[in-house]
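Enquirer: 3D model of this:
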Amino acid sequence: MNYTAFIAQFLSSSIPRFLKSSIPRFLSSSIPRFLSSSIPRFLSSSIPRFLSSLPGRQTGSIPLPTKVGIKSSIPLPTKVGIKSSIPQILLLVTVLSIPIKAQENLDSIALVWAKGSFGQLYELLSIPNDAHFPEDIEENVRWCEKAFASRGFSFKRLETATVPLLLAELPRREGLPTVLAYLQLDGQPVDPAHWFQEDPFKPVLKEQAPQGGWEEIPWNRLEGELNPEWRIFARAASDAKGPVMMFLTALDAMRMMNKPLPYNLKVIMDFEEELGSPQLPAAVERYRDELAADVLVIFDGPRHISNQPTLTFGARGIADITLTVFGPVFPQHSGHYGNYCPNPALRLSRLLAGMKDAEGRVIIPGFYDGIEIDEETRRILRAVPDDERTILNKLGVAKADGVAPTYQEALQYPSLNIRGMAAGWVGEEARTIIPATATAEIDVRLVVESDPERLIGLIRKHIEDQGYLVLDRKPDSRERLSHDRICRFDYSISYKAFRTEINSPAGQWLSRAMVRAFGREPVKIRTAGGSIPISPFVTTLNIPAVSVPTVNRDNNQHSPNENIRLGNYIEGVKTLLAIFSEPLQP
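Expert: Reported below is the predicted structural model:
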């Protein structure tokens, strides 16, 4: 049978009526042109169902997407149901063998493989990942070991004083540069009472309700036509297990297409990022030979607020301070001792208020020293398509703080943020007492130009200048009776800031990949406002680092009802496909 006759017979017997109507066009055009113009929608709905019907694969074969809901840590087709799968296999192989450089081809491939990955995403999100519970983290580590091993990686646990880091590596090929990818697996603690679903670790699919908000829809809707505005709600859906599954899914597609990556690949997985990665600096120093690479790419964080494809070339570091101001030894009756016993809540409030002016600028002398925004930097900042009014509307505030004239410029400065306060009781538990203590939790976001120890020292000196005895412990009775104002000051520095030049070779490489994927330059952000534990890699390994954020910014990261938008998940797979197929050198 000649090829044309075989295809005609295949179309008439095995493919939906959708394809039958396209036979004349197929017979009069090239196969690649036909496949890129006529089949993408068919692929997006039919290939995942076809793949889920295949018999189990032999050990060592290339993993295929699974039917949504299959509980398996590696992508194994498990269900038999199609009488003849050979023609469909030929179709899939033909589609996936078209050159990956076609943008419309990336769209089709990303959609097919994203749909096939939802079962594994469900499984990964179902594993609790609060780093305060090492037994849960161990389950996440084991899941990652199996997932990467099934894709041809070797792996090694990098032991630390708490939980390990996990390093995975594809077989090394001589003469190629090495990319080190950073992935985060742990998540913020959860308070189930504030989640609008049964369990934060039981993912649910939701769509926007006509009256506003979100309403749950059946998970198996993911097997049909996808609405990019649907969202999957679960802890770590965006921060950052969603990007982990995008990464694995793109690798699966590359393997199926028999397209080796044009560089060596190592992957470092962090299971304590939400705790500030306290073991990371020492681990990078200890395992620097194993981690050696030419460039670091971080797959974490949200895109620009416009949801356009984004590259981020730096991030602020972070330090935290706990301030406790002391009052009476025990809470006292406000009737008996009001107007007599000093109230620590009031004193703490005055202490904090004295750190900033009415416009939100830190007024501690020297806090902003060393920060210079020249005209070239302002040009880079202005190129980011921010709409200041839109940002304020999303925040629900009328006016921004006065640190800088724009949002992007404000991120170039260190910040001093009061992230929580506690004194006495409030609400239904309010009591007529003078509290014994008042506590404030502060985070200080760091920039490259600022030395964190110097900033911490400036804050401590400011407190001492207000007449406080500053201790690193509780005061004893002698100190209580001899000092009018006493404050306990505890701090830690998690990690410093980092920044890579936008026009560096690493930046140019990732920009080329993004342009090929999306047909336009990505939004390029000089410094992100959030913090990620990357500076130990940059300083110890002496390599540049760039972040590739993929998730939607309105994902409720760190909050109840965290979610990921399906459109972002699919485009994340597409982004990874472009990066995995782009050489570091043009």
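Enquirer: so T439 touches R419, yeah?
Expert: No - T439 is beyond contact range of R419, at 11.5 Å (criterion: CB atoms under 8 Å). Every residue, glycine included, has its C-beta placed from N, CA and C.
Enquirer: please identify every residue contacting each of these two.
Expert: The overlap between the contact sets of T439 and R419 (CB atoms under 8 Å, 6 or more residues apart in numbering) is empty.
Enquirer: neighbour-wise, which of these two wins?
Expert: Of the pair T439 and R419, T439 is the one with more neighbours under other CB atoms under 10 Å, namely 17 against 10.
Enquirer: identify the residues contacting the helix or strand harbouring that one?
Expert: Secondary structure assignment for T439, by DSSP states H and E: strand 437-446. Strand 437-446 has contacts (CB under 8 Å, 6+ apart) with 316-327, 344-345, 347-349, 352, 414-423, 452, 455-456, 459, 496-497, 529, 531.
Enquirer: repeat that for stretch 350-362.
Expert: Outside stretch 350-362, the residues that touch it by CB under 8 Å, 6+ apart are 323, 325, 363-364, 368, 401-403, 414, 416, 418, 440, 459, 462-463, 466, 468, 487.
Enquirer: what about the chain, any weak spots by pLDDT?
Expert: Within the chain, the ranges that satisfy pLDDT under 70 run 1-104.
Enquirer: tell me the secondary structure for A250?
Expert: helix (DSSP: H, G, I helix; E, B strand; the rest coil).
Enquirer: tell me, how many residues neighbour the residue nearest to it when sequence neighbours are not counted?
Expert: Nearest residue to A250, sequence neighbours excluded (CB to CB, 6 or more residues apart in numbering): L576, at 3.4 Å. Residues near L576, counting by other CB under 10 Å, number 27.
Enquirer: by contact count, what packs against the helix or strand where L576 lies?
Expert: Using DSSP H and E, the element containing L576 is helix 566-580. The contact analysis (3 or more CB pairs under 8 Å, 6 or more residues apart in numbering; DSSP states H and E) places helix 566-580 against helix 103-116, strand 231-233, helix 241-256, helix 505-518.
Enquirer: chain center to the second one, what's the gap?
Expert: For strand 231-233, the distance from its own C-alpha centre to the chain's C-alpha centre is 15 Å (CA atoms, centre = their mean, to the nearest Å).
Enquirer: which strands or helices does that strand pack on?
Expert: By 3+ CB pairs under 8 Å, 6+ apart, strand 231-233 packs against strand 204-208, strand 563-565, helix 566-580.
Enquirer: name every strand pairing with it and say which way it goes.
Expert: strand 204-208 (antiparallel), strand 563-565 (antiparallel) (DSSP bridges).
Enquirer: check contacts around the residue nearest to A250.
Expert: Taking CB under 8 Å, 6+ apart, one finds 246-247, 249-251, 299 in contact with L576.
Enquirer: just among those residues, which is most surrounded?
Expert: Most neighbours among those, by other CB under 10 Å: M246, with 31 neighbours.
Enquirer: pretty sure that one sits against E571.
Expert: No - counting by CB under 8 Å, E571 is not a contact partner of M246; they are 9.0 Å apart.
Enquirer: save the helices and strands packed on strand 231-233 as CSV, and put in distance to G427 too.
Expert: Output for the helices and strands packed on strand 231-233, formatted as CSV (distance: least, CB to CB, whole Å):
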stretch, distance to G427
strand 204-208, 30
strand 563-565, 28
helix 566-580, 37
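Enquirer: of those, which is nearest E135?
Expert: Closest to E135 of those, according to CB to CB: strand 204-208, at 24.9 Å.
Enquirer: beyond the closest one, next helix or strand please.
Expert: Note on strand 204-208: by DSSP H and E, the next helix or strand toward the C-terminus is strand 214-217.
Enquirer: give me every residue that touches the residue nearest to G529 when sequence neighbours are not counted.
Expert: Nearest non-adjacent residue to G529, counting by CB to CB, 6+ apart: L411, 4.8 Å away. By CB under 8 Å, 6+ apart, the residues touching L411 are 316, 526-529.
Enquirer: what is the burial count for the closest residue to D484 other than its chain neighbours?
Expert: Counting by CB to CB, 6+ apart, D484 lies nearest to G467, which is 7.0 Å off, once chain neighbours are set aside. For G467, the neighbour count with other CB under 10 Å is 9.
Enquirer: please apply the same query to the one 5 residues further on.
Expert: Counted with other CB under 10 Å, the burial measure for D472 works out to 8 neighbours.
Enquirer: for it, grab phi and psi.
Expert: Phi and psi for D472, reported as degrees, to the nearest 10, are phi -110, psi 20.
Enquirer: coming back round to it: flag every buried residue along the strand holding T439.
Expert: Within strand 437-446, the residues that count as buried by 16 or more other CB atoms under 10 Å are 437-440, 442-446.
Enquirer: A253: neighbour count?
Expert: A253: 27 neighbours (other CB under 10 Å).
Enquirer: that one against L577, yeah?
Expert: Yes - in this structure, A253 is within contact of L577 by CB under 8 Å, at 6.1 Å.
Enquirer: and the gap between the residue lying farthest from the centre of the chain and V426?
Expert: In the chain, counting by CA atoms, centre = their mean, H336 sits farthest out from the average C-alpha position, at 52.5 Å. Distance of H336 to V426, computed by CB to CB, to the nearest Å: 21 Å.
Enquirer: all good on my end, thank you.
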